[in-house]
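A.B. asks: Below are the sequence and a predicted model for it; my questions follow.
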Amino acid sequence: MAPSYAVPLNWYLILSAILFCLGIAGFLYRRNIITVFMSIELMLNAVNLSFITFSYKWRAVDGNIFAFFVMVVAAAEAAVGLAIILTVFKNRRTLEIDEISSMKD
Amino acid sequence: MDIALFIIFAVIALLCGINLVVQTHPISSALSLIGVMGALAVLYLLLGAEFLAAAQMIVYAGAIMVLFIFVIMLLNAGAERVTKTRQLVKIAGVPLIAVFLGIVAFVIQAQLPRSQLVWFGGFSGGGPRDIGIPLFTRYLLPFEVTSVLILIAIIGAIVLGKKEMD
């Protein structure tokens, strides 16, 4: 039986949704390529919290394993993304995403 | 006890998340992100995911964020200059995010019964042994594919690092 100090499951999911929305806001409003990249990491973390909450809800370990895979993908993404940022900086001498627009023009 | 821990660390995660978005200097954003990750690790512990709480601190806060801070220091990235935000983003950005959050919160409240509760010790299947056995039996193929993914990422990073573009 649940003890009296237990936390509603919904609170974890709503916290996860708020963190995800903060990640979207950072992605849209920040102009520094590294900060934009960190906003994506924040969104991945928020999704991990949801996975682990549902893992708790169903008392099954699968959600934990998916969160583990998300972490692995985030590590791979960080390695490649930061290498791309370094290459962009070497060639353009800037980190502002507004000045890196040659694929749009 | 649980509810106090949840509220303290949820507030820390939210404040650090807001700080990540409003700071203009990338190093402040990186430190806020480490704060978010530390607070989330405590929440993972409350949810019974011990292995992932440790992996969150070691892999995320330890390895990935150190990589980020290395790059910020290497490129000597300063505060971003204020440039104009796209008109569409300026007008519709915050309202659309608020609508999205509202819809998600509504679906969560409507679909999940309020009586679902979380307490420390309610689920203890997140230890290394409980993760490891399914990972090497039922999830063996995804696990092996992940190793190929990491190999590709390493090769990609090396190629991008060595390439001379003109």
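C.D. replies: Perfect, I can see it now.
A.B. asks: Which of the helices and strands in chain B ranks last by mean pLDDT?
C.D. replies: Across the helices and strands of chain B, mean pLDDT, DSSP states H and E gives its lowest value to strand B:117-118, namely a mean of 81.
A.B. asks: Run through who's touching that one.
C.D. replies: If you take CB atoms under 8 Å, 6 or more residues apart in numbering or on different chains as the criterion, strand B:117-118 is touched by A:A2, A:A6, A:V7, A:P8, A:L9, A:Y12, A:T53, A:Y56, B:D2, B:L46, B:L47. All C-beta spots, glycine's among them, are computed from the backbone N, C-alpha and C.
A.B. asks: Leaving out chain neighbours, which residue sits closest to the first one?
C.D. replies: The spatial neighbour of A:A2 that comes closest, neighbours along the chain excluded (CB to CB, 6 or more residues apart in numbering or on different chains), is B:L117 at 4.3 Å.
A.B. asks: if we can go back for a sec, narrow the contacts of strand B:117-118 to those that are buried.
C.D. replies: Among the contacts of strand B:117-118, the ones that count as buried by 16 or more other CB atoms under 10 Å in any protein chain shown are A:A6, A:V7, A:P8, A:L9, A:Y12, A:T53, A:Y56, B:D2, B:L46, B:L47.
A.B. asks: what's the residue nearest the centre of chain B sitting at in phi/psi?
C.D. replies: Ranked by distance to the mean C-alpha position of chain B (CA atoms, centre = their mean), the top residue is B:M37 at 6.2 Å. B:M37 has phi and psi values of phi -70, psi -40 when expressed as degrees, to the nearest 10.
A.B. asks: quick one: it and B:M57 touch, right?
C.D. replies: Yes - taking contact to mean CB atoms under 8 Å, the distance of 7.4 Å between B:M37 and B:M57 places them in contact.
A.B. asks: neighbouring contacts of stretch A:78-90?
C.D. replies: Contacts with stretch A:78-90, where a contact means CB under 8 Å, 6+ apart, come from A:33-34, A:37, A:41, A:95, A:100, B:64, B:67-68, B:71, B:74-75, B:153-154, B:156-157, B:160-161, B:163, B:165.
A.B. asks: Can you tell me how far B:Q87 is from B:Y44?
C.D. replies: 40 Å (CB to CB, to the nearest Å).
A.B. asks: which one of these two has more residues nearby?
C.D. replies: Between B:Q87 and B:Y44, counted using other CB atoms under 10 Å in any protein chain shown, the more crowded position is B:Y44 (27 against 8).
A.B. asks: and B:L101, what are its phi and psi?
C.D. replies: Taking degrees, to the nearest 10, you get phi -60, psi -40 for the backbone angles of B:L101.
A.B. asks: Helix or strand for the closest residue to it other than its chain neighbours, just tell me which one.
C.D. replies: Nearest residue to B:L101, sequence neighbours excluded (CB to CB, 6+ apart): A:C21, at 4.7 Å. A:C21 is part of helix A:9-29, with elements assigned from DSSP states H and E.
A.B. asks: Packing partners of that helix?
C.D. replies: Packed against helix A:9-29, as judged by 3 or more CB pairs under 8 Å, 6 or more residues apart in numbering or on different chains; DSSP states H and E, are the following elements: helix A:33-58, helix B:2-22, helix B:26-46, helix B:87-111, strand B:117-118.
A.B. asks: Show me what counts as buried in it.
C.D. replies: Along helix A:9-29, the positions that meet the burial threshold by neighbour count (16+ other CB under 10 Å) are A:9-29.
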